[in-house]
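> Let me see the structure of the following:
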Amino acid sequence: MFANMLRAGVLALIGLAAGGSFAASPVAGGEPVAFGLIVGYRDGVNPLSREETDRGPWADRRARMASAWQRASQRSRERTEQLARDTGVRARSVGEAGRAALLRFDRPMKGQDLGDTMRRVRLHPDVAWVEPNVLVRRQATPNDMSYGNQWYLRGPGDGIPELAGLNLTPAWDVTTGLGTTVVAVVDSGVRLTHSDLAGKLVPGHDFVSELHVANDGDGRDADPTDPGDWVTPTERDNNPLFAGCDAGFSSWHGTFIAGQIAASTNNGQGVAGINWQAKILPVRVSGKCGALVSDLLDGVRWAAGLPVAGAPANPNPAKVINLSFSGSSACSPAYQETVDDVTTAGALLVVAAGNNSAPLTRPADCDGVMAVAAVRRDGAKADYSSFGGNVALSAPGGSLENFPNNLLYATSDSGLTTPGVETYGYKQGTSFSAPMAAGVASLMLARNPALTPHALIERMQAGVRPHLQPLGPGGPVCSTVNNGACNCTAATCGAGLLDANSALQLATGPAAVIQPIGQVVPGAVIALDGRSSVALGGATIASHQWSLESGPAVVIPGNTQALTSLQLPAVEGRWVFRLAVTDSNGKVGSDAVVVRAVAPPPPPAATSAGGGGGGAFGGWWALALAVWSAGLLRARRRR
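Numbers count the residues shown, from 1 in each chain. Predicted structure coming up:
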């Protein structure tokens, strides 16, 4: 009873504070419906923010990671259950969203109810930030019969020149890929029975957790089949969960992207894939109206081979992950932590710039992703494509001019709602520009498996063709004012136009390889280890050069050595260190490593009431005890 009265005092204080100057910005009534909250705990009390090791002799590295993640997840869930009780949130269940915590509501919320709930949770002393868990919208010379429809695979030097095309014809003379390369399509799932994907799929997973969205009658499981994602006008107008969604037929979004990247090629039928040999890892995260942030983040983690509680280990981790989704807000800590984790795991995350004709939003504005904008067949920015300084480069995205000749063409399904017979279809959007970069990256890995995510981005950028000026020298230049079809610049549409052949030529230069560091405590001594860097074609590594790319200022002693060490400042923070290597032929390659310094958890309190995170309240508990004691004295006086 004492613990309950004490907790009631804390809740009363939080309720009072929510009405005062600590209140957060209200959530507008027109915001999407939230299925729960994604909660970031302060680093010192977040079990998921600390790397743990299971030193049992029975475990290999992946088993140790999975075991450590399972233990950390369990402690995080206990803390989140306590958080729900402390803040009065009626939770259906708890879980994870990447490295953040997930609190699922017993009923969806929006408007003022959601705003009030977020304020109460944000005011909890263990909480650093909170965001609503809302739906995120979705955003290939072979002999294949429909190769002629795939104008975007050709280039300026083809018999019929395509000035904005990928220039794959000469690239395929260099390599058509390797069957050991795995590319993940984190999307709506895939029609596994499509004949042009036969033999191209490895076992995937379904991470769609909400039955209202899933459309397949169950939650997370081992079946990544796309059941369709149609939304009827009645659902849009009468079901608050789908208010604001676009009513329409099923998109077969993931099936189209899988075909773009790796459709069976040179088989005399269907379409050609960019990588003739690669395997596709289907990871289903979206259903009706899009993907929940928590499902998306877990799906990306699993695709890279990182552990996700409740899901089996991924036996086929991807070196390239395609994520064709865009949100309505800036990159959040939950997104950035996931990007950092998958990059450290060695996976390149390729994302769509977005279809909002506006500056970038998440995940395209996150550090470390490869954001791809869309250009028309003539090289102008597509009128729908988002743009900005974090765009890496541009690739064809299709446009409605001269329909359907300027659209993209790939694998699909004839079903308007539920699956029908396999077919092919036309689409446009940055959702379908991103897979082109993902496919080219996978071809580069076939030539040089040592290339890291950063190296892939840099080399693809170095090999681009210059942006065109199809609207004339005096035509509109892309900007916040000219955000429709416009002439691209490096500041708005990335380094230039993706060129597959040039990218493959650059793939064989030296590769800077840095041993991952991950998370350390503030003030730690870290080792910058580039000794695994490689040079190809009989060359040798001639020199090394370390530099600080971002983060609080530090001095790197021995910055020309393959292996050096330094001491970080005694503060929490995020650093990016870059290594450039030069081979004996004078070719240069570079890579970067991310280091996060996180404070260790505080020691447990001598006494704790209520379990979970109770010991972390500190002064709050003392203040609550005073409130409770005063109330008890008043009650005694009234007797």
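> would you list every one of the helices in the stretch 51-200 of the chain?
61-87, 111-122, 168-174 (DSSP state H, counting those that start in this stretch).
> Same check on the chain?
2-18, 61-87, 111-122, 168-174, 211-214, 233-238, 253-262, 293-303, 333-344, 434-447, 453-462, 490-493, 500-506, 619-638 (DSSP state H).
> Rebuild the ones you listed as JSON lines, extending it with mean pLDDT, distance to residue 153 and mean neighbour count.
(Glycine included, C-beta is placed from N, CA and C.) Output for the helices of the chain, formatted as JSON lines (pLDDT from 0 to 100; distance: least, Cβ to Cβ, whole Å; neighbours: other Cβ atoms under 10 Å):
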{"stretch": "helix 2-18", "mean pLDDT": "35", "distance to residue 153": "56", "mean neighbour count": "16"}
{"stretch": "helix 61-87", "mean pLDDT": "91", "distance to residue 153": "37", "mean neighbour count": "19"}
{"stretch": "helix 111-122", "mean pLDDT": "95", "distance to residue 153": "45", "mean neighbour count": "20"}
{"stretch": "helix 168-174", "mean pLDDT": "93", "distance to residue 153": "5", "mean neighbour count": "19"}
{"stretch": "helix 211-214", "mean pLDDT": "92", "distance to residue 153": "34", "mean neighbour count": "18"}
{"stretch": "helix 233-238", "mean pLDDT": "92", "distance to residue 153": "36", "mean neighbour count": "12"}
{"stretch": "helix 253-262", "mean pLDDT": "98", "distance to residue 153": "10", "mean neighbour count": "30"}
{"stretch": "helix 293-303", "mean pLDDT": "98", "distance to residue 153": "25", "mean neighbour count": "30"}
{"stretch": "helix 333-344", "mean pLDDT": "96", "distance to residue 153": "28", "mean neighbour count": "23"}
{"stretch": "helix 434-447", "mean pLDDT": "97", "distance to residue 153": "9", "mean neighbour count": "28"}
{"stretch": "helix 453-462", "mean pLDDT": "93", "distance to residue 153": "16", "mean neighbour count": "23"}
{"stretch": "helix 490-493", "mean pLDDT": "98", "distance to residue 153": "20", "mean neighbour count": "20"}
{"stretch": "helix 500-506", "mean pLDDT": "92", "distance to residue 153": "9", "mean neighbour count": "23"}
{"stretch": "helix 619-638", "mean pLDDT": "38", "distance to residue 153": "61", "mean neighbour count": "13"}
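> Rebuild the ones you listed as CSV, extending it with distance to residue 377.
Listed next are the helices of the chain as CSV, based on distance: least, Cβ to Cβ, whole Å:
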stretch, distance to residue 377
helix 2-18, 54
helix 61-87, 45
helix 111-122, 43
helix 168-174, 15
helix 211-214, 35
helix 233-238, 33
helix 253-262, 16
helix 293-303, 31
helix 333-344, 31
helix 434-447, 13
helix 453-462, 21
helix 490-493, 15
helix 500-506, 17
helix 619-638, 61
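> residue ranges with poor pLDDT in this protein?
1-31, 50-59, 139-142, 603-639 (pLDDT under 70).
> Buried by neighbour count: which residues of stretch 363-375 qualify?
Judged by neighbour count using 16 or more other Cβ atoms under 10 Å, the buried positions of stretch 363-375 are 363-366, 368-375.
> Of those residues, which is the nearest to residue 485?
In terms of Cβ to Cβ, no member of the buried residues of stretch 363-375 lies closer to residue 485 than residue 375, at 9.6 Å.
> Surely that closest one touches residue 391?
No: with contact defined as Cβ atoms under 8 Å, residue 375 does not count as touching residue 391 (11.1 Å).
> so what sits against both of these two?
Common contact partners of residue 375 and residue 391 (Cβ atoms under 8 Å, 6 or more residues apart in numbering): residue 493.
> circling back to that earlier point, what two of the buried residues of stretch 363-375 are the furthest from one another?
368 and 375 (23.4 Å).
> Tell me how many other residues surround residue 88.
12 (other Cβ atoms under 10 Å).
> I'd say it and residue 120 touch.
Yes: counting by Cβ under 8 Å, residue 88 does reach residue 120; the two are 6.6 Å apart.
> which ones are touching residue 174?
Neighbour list for residue 174: 447, 501, 504-505 [criterion: Cβ under 8 Å, 6+ apart].
> so how far is residue 105 from residue 113?
Here residue 113 is placed at a distance of 10 Å from residue 105 (Cβ to Cβ, to the nearest Å).
> meant to ask about residue 143, not that
Residue 143 is 54 Å from residue 105, by Cβ to Cβ.
> Equivalent analysis for residue 339, please.
Distance from residue 339 to residue 105, by Cβ to Cβ: 26 Å.
> And residue 125, by the same measure?
Taken as Cβ to Cβ, the span from residue 125 to residue 105 is 22 Å.
> same check, this time on residue 182
36 Å.
> cool, residue 295 as well?
15 Å.
> nearest to residue 148, of the contacts of residue 174?
Among those, and counting by Cβ to Cβ, the member closest to residue 148 is residue 501, at 20.3 Å.
> wait, what's in contact with the closest one?
155, 167-168, 170-171, 174.
> Check residue 251 too.
138, 188, 229.
> For the residues you listed, give me a markdown table that also has distance to residue 496.
Output for the contacts of residue 251, formatted as a markdown table (distance: Cβ to Cβ, whole Å):
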| residue | distance to residue 496 |
| --- | --- |
| 138 | 27 |
| 188 | 31 |
| 229 | 34 |
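> Now render those residues as a markdown table, adding neighbour count.
Shown next, in a markdown table, are those (neighbours: other Cβ atoms under 10 Å):
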| residue | neighbour count |
| --- | --- |
| 138 | 24 |
| 188 | 30 |
| 229 | 26 |
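> Okay then, goodbye and thanks.
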